[in-house]
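Asks: Everything below, folded, please.
(2 chains)
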Amino acid sequence: MYYQEKKTIASIVAGVLVVVIYSIYGIRKYLELGEILLNDMKFWATAILIAIGGGIIVAIIIQIIFHIIFAIANEVAKEVAKEISKKTGNEGKNEAYEEDEITNFEDEMDKLIALKAMRNSYIVVGIGFVIALITLYLKMPPAIMLNISFMAFSLGSLFEGFSQLYFYRKGV
Amino acid sequence: MAKVVISNNIRKLRFYNNEMTQQELAKKTGVTRQTIVAIENCKYSPSLELAFRISDVFKTKLEDVFTCEMIEEKEKKENIK
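Replies: Next comes the predicted model:
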């Protein structure tokens, strides 16, 4: 597994965390306060804004932790490869291990994968938005529409991550 | 329409160029190592620009690095035989 794939996994973990925490919070509040909450748009707007802000902070923290772990794991793997090549008497160039560098740029394959993944993400967001509109048409409370829209964006973002992972693994 | 299958000799060329690592080739061509791995495993067909850059690193012609095969036409030829 390469740096880009690991980075994508870190983003997916952050996305899953936000969706899970928001869902647990929303369900618990709904169970506590009941049907009144369905018409309290201010509450849901606040909760979603906090989730967006919290999501950004969680994503930054997870990326920092990921980069620290990645650097440590890379060093350990390098040392192990050196030891193995010393023991086997095959010092010098080692094809079995190549250092996986942290790359701060997107090359042409990364860009193509990002585009294809974003296209998949738009499909999920689009479907979610249509479902949200249908709930309004069926005269369901607007809070449901708002939550479905937010979930569509969150799941779309997760789907983007999974798509990226798929394209990195299977090729593009 | 015939299916185009692009294969390459990058692995072999790296070996003959002082056992160049994938990371070294990635640096010289300005892409990530993962892209080089994907190209080597025929999981990604590079742009014309990158293909020329790779052939330039090995100081060889483009057709010595990449080979193209038209699958449908080959099958048709086999059927004629």
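
Asks: who in chain A is up against chain B?
Replies: A:2-5, A:93, A:95, A:98-101, A:103, A:105, A:107-110, A:168, A:170-172 (Cβ under 8 Å from any Cβ of the partner chain). Placement of C-beta: from N, CA and C, glycine included.

Asks: Point out the ones among these that are inside helices.
Replies: When DSSP state H defines the helices, the subset of the residues of chain A next to chain B inside them is A:3-5, A:108-110, A:168, A:170.

Asks: Top of the residues you listed by number of neighbours, please.
Replies: Comparing those on neighbour count, A:Met109 comes out first with 26 neighbours (neighbours: other Cβ atoms under 10 Å in any protein chain shown).

Asks: Output the residue of chain A whose distance to chain B is smallest.
Replies: When scored by Cβ to the nearest Cβ, chain A has A:Gly171 as its residue closest to chain B, at 2.7 Å.

Asks: Which residue, other than its chain neighbours, is closest to that residue?
Replies: B:Lys43 (2.7 Å; Cβ to Cβ, 6 or more residues apart in numbering or on different chains).

Asks: By mean pLDDT, flag the weakest helix or strand of chain A.
Replies: Scoring the helices and strands of chain A by mean pLDDT, DSSP states H and E places helix A:41-87 at the bottom, with a mean of 89.

Asks: quick one: low-confidence parts of chain A?
Replies: Low-confidence segments of chain A, defined by pLDDT under 70: A:90-99.

Asks: the residue most distant from the middle of it, which is it?
Replies: Most distant from the centre of chain A: A:Gly89, at 43.1 Å, with distances by Cα atoms, centre = their mean.

Asks: tell me, how many neighbours does the nearest residue to B:Arg11 once chain neighbours are set aside end up with?
Replies: Closest residue to B:Arg11 in three dimensions, ignoring its sequence neighbours and counting by Cβ to Cβ, 6+ apart: B:Glu40, at 5.5 Å. Counted with other Cβ under 10 Å, the neighbours of B:Glu40 add up to 16.

Asks: Okay, the residue of chain A closest to chain B and B:Gln34: tell me how far apart.
Replies: Distance of A:Gly171 to B:Gln34, given as Cβ to Cβ, to the nearest Å: 11 Å.

Asks: quick one: which of the two has more around it?
Replies: The residue with more neighbours, out of A:Gly171 and B:Gln34, is B:Gln34; 24 against 15, by other Cβ under 10 Å.

Asks: mind listing what the closest residue to the more buried one other than its chain neighbours touches?
Replies: Of all residues not flanking B:Gln34 in the chain, A:Tyr2 sits nearest, at 4.2 Å (Cβ to Cβ, 6+ apart). Residues near A:Tyr2 by Cβ atoms under 8 Å, 6 or more residues apart in numbering or on different chains: A:100, A:168, B:32-34, B:37.

Asks: Farthest pair within those residues?
Replies: Across these, no pair lies farther apart than A:Asp100 and A:Tyr168, at 13.1 Å, counting by Cβ to Cβ.

Asks: if we can go back for a sec, can you tell me which of the ones in helices among the residues of chain A next to chain B is closest to A:Glu79?
Replies: Nearest to A:Glu79, judged by Cβ to Cβ, of these is A:Tyr3 at 18.8 Å.

Asks: tell me the contacts of A:Lys170?
Replies: A:Lys170 sits next to B:Lys43 when contact means Cβ under 8 Å, 6+ apart.

Asks: Walking through chain B, point out its strands one by one.
Replies: Listed in chain order, the strands of chain B (DSSP state E) span residues B:4-8, B:66-70.
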